[in-house]
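>>> sequence first, then the predicted structure:
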Amino acid sequence: MKRNFFVFLALILLESCFSSVAFSQDIYWNDFENDKRALFSEVESTSSEKAIKEIETFSKNLAGAATYWQMSAQDIQVLRNKGLGYEELIKVILISISANKPKEEIVKRRNRGETFKKICKRYELDYKVIGFHAKKILSEVEIYGAE
């Protein structure tokens, strides 16, 4: 009798595992198509970020004014598209060159919420000097021309 009871329970458990509810499209773990769509939309948005549609006048002027950075207007525009303001962009480049670190690392730190003062302190740079040079370069680029 006990054996029949356990066989009966096993059959009920087996049936519940393969019931139509388990293979329903409404449950969260059976959402392969939506996951696939989300993955490919992330890949497309990442590739569209890399493709620069139009280079701003500021990026062209900065590349022309600060040729010693050896950065093209497109390189500058890529950094600009990451959400940096004009002066922030110049500070990122100045810190990157002074500390001999990749620009992307400085941008990541800035986007995480670190201030430029903290970033300069981390790399043992004088923030006041960086700020002074950034403002000077910004004023020169604005004077440099509209286009």
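Looks like it arrived, so ask away. Numbering: from 1, shown residues only.
>>> send the alpha carbons of whichever helix or strand Glu104 is part of over as CSV?
Per DSSP states H and E, Glu104 falls inside helix 103-111. What follows is helix 103-111, C-alpha atoms only, in CSV (Å, rounded to 0.1, in the frame of the first residue of the first chain):
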residue,chain,number,x,y,z
LYS,A,103,40.9,58.7,-21.7
GLU,A,104,38.2,56.0,-21.2
GLU,A,105,39.5,55.3,-17.7
ILE,A,106,39.1,59.0,-16.8
VAL,A,107,35.6,59.1,-18.3
LYS,A,108,34.5,56.0,-16.4
ARG,A,109,35.7,57.5,-13.1
ARG,A,110,33.9,60.7,-13.9
ASN,A,111,30.7,58.9,-14.8
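>>> next structured bit after the helix or strand of the chain with the lowest mean pLDDT?
Ranking every helix and strand in the chain by mean pLDDT, DSSP states H and E puts helix 32-50 at the bottom, with a mean of 55. Heading C-terminal from helix 32-50, the first helix or strand you meet, by DSSP H and E, is helix 57-65.
>>> quick one: contacts for Asp75?
Ala63 (C-beta atoms under 8 Å, 6 or more residues apart in numbering). Quick note: C-beta positions are derived from backbone N, CA and C, even for glycine.
>>> ok, it to Glu88 distance?
Per C-beta to C-beta, to the nearest Å, Asp75 is found 16 Å from Glu88.
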